[in-house]
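[1] Give the three-dimensional model of this entry:
(chains A and B)
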Number of protein chains: 2
Amino acid sequence: MAEKKRGAQSVLLQNRPRVLSFASMAGPKEAEGPLAGTFDETFTDDTLGEKSWERGEAKMLEHTVDLALSKARVYADAVDAFLGGDLLNQIVSASYTARQLGAPFLGLYGACSTMAESLLLGALLVDGGYADRVVCATCSHFATAERQYRFPLELGNQRTPTAQWTVTGAGATLLGRGEAKGLPLRLTAATIGRVVDKQQTDINNMGAAMAPAAADTLLAHLRDLHRSVQDYDLIVTGDLGCVGYDLMCLLCEQKGVSLDERYIDCGCEVFSPEQDVHAGGSGCGCSACCLNGWLFRRMLSGEIRRLLFLATGALMSTTTSQQGESIPAIAHAVTLEVEEG
Amino acid sequence: MAEKKRGAQSVLLQNRPRVLSFASMAGPKEAEGPLAGTFDETFTDDTLGEKSWERGEAKMLEHTVDLALSKARVYADAVDAFLGGDLLNQIVSASYTARQLGAPFLGLYGACSTMAESLLLGALLVDGGYADRVVCATCSHFATAERQYRFPLELGNQRTPTAQWTVTGAGATLLGRGEAKGLPLRLTAATIGRVVDKQQTDINNMGAAMAPAAADTLLAHLRDLHRSVQDYDLIVTGDLGCVGYDLMCLLCEQKGVSLDERYIDCGCEVFSPEQDVHAGGSGCGCSACCLNGWLFRRMLSGEIRRLLFLATGALMSTTTSQQGESIPAIAHAVTLEVEEG
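    Residues are numbered from 1 along each chain as shown, chains lettered A, B, ... in the order given. The predicted structure follows:
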């Protein structure tokens, strides 16, 4: 049984669940970006041959989960739980994926923090002995998100300089028990985030809404586990973009924590400046496809040995925004480590 | 560490997390129904004095969580996690509640199965030692659900005979470690549901969409734990309503399981036939306010000693319904037992 300190948001996972496999898919714009070679599969038709973007998004997630399972040679009936969600209303992409997979399903909503939330909860289920194998996965799609949250794409609306571009992509991680055979990657600690809301109301500036939540969770993680930034080779936020990245550095600096060169944001990495995405990439799929491709590969190559994955989510809806509410935000964190044997 | 059998969807919780307190609130129509005296608080103004129904819904959930904490004399900073969600897009009622509470937050989406999903995951966190105290809560509101999922209320649309009436209500359970002082109520087993979709496309007949998922989870629970219906004093589904209730009985009967007089559905109990709600009550709040009032009180009075709480959810969105997709459904189950000492 794990030991939980009063007031702490973080736990160390005694049984150190193992990453058995991972997979990622990304769309046409992401395939032209700097991380092009790191995804398992990319596609050029953003409906993936389906009759709607929404069906295409579900197909992308279904296929990414299948890829992760096939890499580990695990059949769907050996999956004890699928934990996931997405940006669409009622997380329909994840629900349809769960329907196809047939495994027990725990639906999550953490907006763009979902990859970290699913890894966190999945790892606790495995660490506690409640599951042997869990799939943690999420996705997002530019076209479905744009028309749900903003405007019909056909309008060709202008975007503000602080706006971010929703990544069309998906990522899936298969976690298993510490003693299972698999990759030399383990999930060793987790921090559950709190909702932080600094009264930001501009839905075209998600980075500013989410940066305080990212800083809150990072500081809680370091405090709870008596760690410093230097204990990590890399700290990675999900999709703060360039506006949120700068704010995150500033907020941590104000608390005496210098992030220096050990900190990157997936939203700043997934597209190049020439791709005209303004403040960077966003969406559940942004950090999911970066982690389950580029970042895990860098860990396997020995370049990064200990990584803090800190995905951030903005929890507003179009209704609350139209009603003038500010944007609540959250960030969850998991520690991933390279460990041989 | 718990022991998980391959292929099983269910686990027995070795440390038997304890219900420290529970609370419920309900709206004007529910306050005129047969369960009127079992809610902690009821209200007549369905905006609860706020400027919108959505703000009112969030206030209802916030207040219900506060009630549960104050009954157990637990401060918010002693809550290790709040697990919850609701029916609104991006689960905004739960997110705003998490913002006010300030506790670490794990957002869930299981539609009307959310009360069971939150109890299940919350109990696993406590059982595994990852948390000492967790709040599991959810809510729904007739007016916000109606205008989000169906039509503006001002239209006065006719409802079909199979339609259900979304309950305006909220429920919260505070769970703690088995050795904690609290009520003589424990959560002893849990079953994670799978998505079941029998190609039902009528969004005015949720009962028919959800009954197969309820049957699937009940049968998995009985199979995994080698139990029979007779091992329970009462089996309670969330909001199948009268159409789904009959289907559930039929589906179980076909598998050789007779539910007889040990089975009820919250959707059939929360309103009286005279209240003109057609097939019964529905919404996350339906099973949440029935459990955290009427049912827990019946357990404390000694009338029920072992209860299976099986909340069901329909996982469609308005977009997928308009695109002609069928309705995926899910049900999660938890066993609650009276135990002195």
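[2] Quick check: nearest residue in space to the residue in chain A that chain B sits nearest to, chain neighbours excluded?
    Closest contact between chain A and chain B, by CB to the nearest CB, is at A:G128 (3.2 Å). For glycine as for every other residue, the C-beta is placed from the backbone atoms N, C-alpha and C. Excluding its sequence neighbours, the residue lying closest to A:G128 (CB to CB, 6 or more residues apart in numbering or on different chains) is B:G128, at 3.2 Å.
[3] so where is the stretch 51-200 of chain A shaky, pLDDT-wise?
    Of all residues in the stretch 51-200 of chain A, none has pLDDT under 70.
[4] can you do 90?
    A:156-157, A:178, A:181-182 (pLDDT under 90).
[5] quick one, strands of it?
    With DSSP state E, counting those that start in this stretch as the criterion, the stretch 51-200 of chain A has strands at A:81-86, A:105-107, A:133-140, A:165-166, A:169-176, A:185-191.
[6] Name every strand pairing with the shortest one and say which way it goes.
    Here strand A:165-166 has these sheet partners by DSSP bridges: strand A:281-282 (parallel).
[7] Averaged pLDDT, the partner strand. What do you get?
    Averaging pLDDT along strand A:281-282 gives 97.
[8] can you give me the helices in the stretch 151-300 of chain A?
    A:206-224, A:241-254, A:266-269, A:284-289, A:296-300 (DSSP state H, counting those that start in this stretch).
[9] Any residue of stretch A:185-205 touching chain B?
    Yes: using CB under 8 Å from any CB of the partner chain, we find that stretch A:185-205 touches chain B at A:I192, A:G193, A:R194, A:V195, A:V196, A:D197.
[10] gap between that stretch and the chain center?
    11 Å (CA atoms, centre = their mean, to the nearest Å).
[11] mind putting the strands of the stretch 51-200 of chain A in a markdown table, distance to B:N292 and mean neighbour count included?
    Listed next are these as a markdown table, based on distance: least, CB to CB, whole Å; neighbours: other CB atoms under 10 Å in any protein chain shown:
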| stretch | distance to B:N292 | mean neighbour count |
| --- | --- | --- |
| strand A:81-86 | 25 | 30 |
| strand A:105-107 | 21 | 27 |
| strand A:133-140 | 29 | 33 |
| strand A:165-166 | 38 | 26 |
| strand A:169-176 | 33 | 31 |
| strand A:185-191 | 28 | 23 |
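[12] Those into JSON lines, with extra columns for distance to B:T42?
    Output for those, formatted as JSON lines (distance: least, CB to CB, whole Å):
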{"stretch": "strand A:81-86", "distance to B:T42": "33"}
{"stretch": "strand A:105-107", "distance to B:T42": "30"}
{"stretch": "strand A:133-140", "distance to B:T42": "39"}
{"stretch": "strand A:165-166", "distance to B:T42": "42"}
{"stretch": "strand A:169-176", "distance to B:T42": "44"}
{"stretch": "strand A:185-191", "distance to B:T42": "39"}
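[13] Let me know which of the ones you listed is the nearest to B:L87.
    Counting by CB to CB, B:L87 lies closest to strand A:105-107 out of the strands of the stretch 51-200 of chain A; the figure is 12.5 Å.
[14] outside of the closest one, which residues touch it?
    A:81-85, A:91, A:94-95, A:98, A:121, B:108-110, B:117, B:121, B:192-195, B:315, B:330 (CB atoms under 8 Å, 6 or more residues apart in numbering or on different chains).
[15] and the residue of chain A closest to chain B, how many neighbours?
    A:G128 has 24 neighbours, counted by other CB atoms under 10 Å in any protein chain shown.
[16] Please verify my assumption that it contacts B:D127.
    Yes: taking contacts as CB atoms under 8 Å, A:G128 lies within contact range of B:D127: 7.2 Å.
[17] overlap in contacts of those two?
    In contact with both A:G128 and B:D127: B:A2, using CB under 8 Å, 6+ apart.
[18] give me the element A:Q14 is part of.
    Following DSSP states H and E, there is no helix or strand that holds A:Q14.
[19] Not counting residues beside it along the chain, what's closest to it?
    A:A2 is the one closest to A:Q14 (CB to CB, 6+ apart), at 6.1 Å.
[20] now swap in A:L219 and tell me
    Spatially, and ignoring its direct neighbours in sequence, A:L219 is nearest to A:K255 (5.8 Å; CB to CB, 6+ apart).
[21] What values do phi and psi take at that neighbour?
    As for A:K255, its main-chain torsions (degrees, to the nearest 10) stand at phi -100, psi 10.
[22] Neighbours of it, how many?
    13.
[23] and what of A:F296?
    Neighbour number of A:F296 under other CB under 10 Å is 25.
[24] Do I have it right that it meets A:S21?
    No: contact criterion CB under 8 Å: A:F296 and A:S21 do not qualify, at 9.6 Å.
[25] follow-up on the earlier one: ok, so of the residues of stretch A:185-205 next to chain B, who is nearest B:L61?
    Scanning those for proximity to B:L61, where the rule is CB to CB, the winner is A:V195, at 13.3 Å.
[26] circling back: as JSON lines, the residues of stretch A:185-205 next to chain B with neighbour count would be great.
    Output for the residues of stretch A:185-205 next to chain B, formatted as JSON lines (neighbours: other CB atoms under 10 Å in any protein chain shown):
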{"residue": "A:I192", "neighbour count": "30"}
{"residue": "A:G193", "neighbour count": "31"}
{"residue": "A:R194", "neighbour count": "22"}
{"residue": "A:V195", "neighbour count": "26"}
{"residue": "A:V196", "neighbour count": "21"}
{"residue": "A:D197", "neighbour count": "22"}
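[27] Any idea which residue is closest to the centre of chain A?
    A:M115 (3.4 Å; CA atoms, centre = their mean).
[28] Now for it: which residues touch it?
    A:M115 neighbours (CB under 8 Å, 6+ apart): A:C136, A:A137, A:T138, A:G171, A:G238, A:C284, A:S287, A:A288, A:L291, A:F309, A:A311.
[29] How about A:N204?
    So A:N204 contacts A:R159, A:T160, A:T162, A:A163 (CB under 8 Å, 6+ apart).
[30] swap in A:E30?
    Counted by CB under 8 Å, 6+ apart, A:E30 has contacts A:A36, A:F39, A:T42, A:V167, A:T168, A:G169, A:V270, A:F271, A:G281, A:C289.
[31] Next, count neighbours for the first one.
    This points to A:A36. For A:A36, using other CB under 10 Å, the count is 12.
[32] Thought A:T42 was touching it, still the case?
    Yes: using CB under 8 Å, A:A36 is in contact with A:T42, at 7.2 Å.
[33] Leaving out the residues flanking it, which one is nearest to A:S321?
    A:I203 (5.1 Å).
[34] cool, and A:I304?
    A:D233 (4.6 Å).
[35] The one you found - how many residues pack around it?
    Neighbours of A:D233 using other CB under 10 Å come to 16.
[36] residue contacts, it?
    Going by CB under 8 Å, 6+ apart, A:D233 touches A:R262, A:I304, A:R305, A:R306, A:L307.
[37] now the last one, which residues is it bridged with?
    A:L307 has these beta-bridge partners by DSSP bridges: A:L234, A:L336.
[38] and it, how many residues sit next to it?
    Count around A:L307 with other CB under 10 Å applied: 23.
[39] The fourth one now?
    The tally of other residues near A:R306 (other CB under 10 Å) stands at 17.
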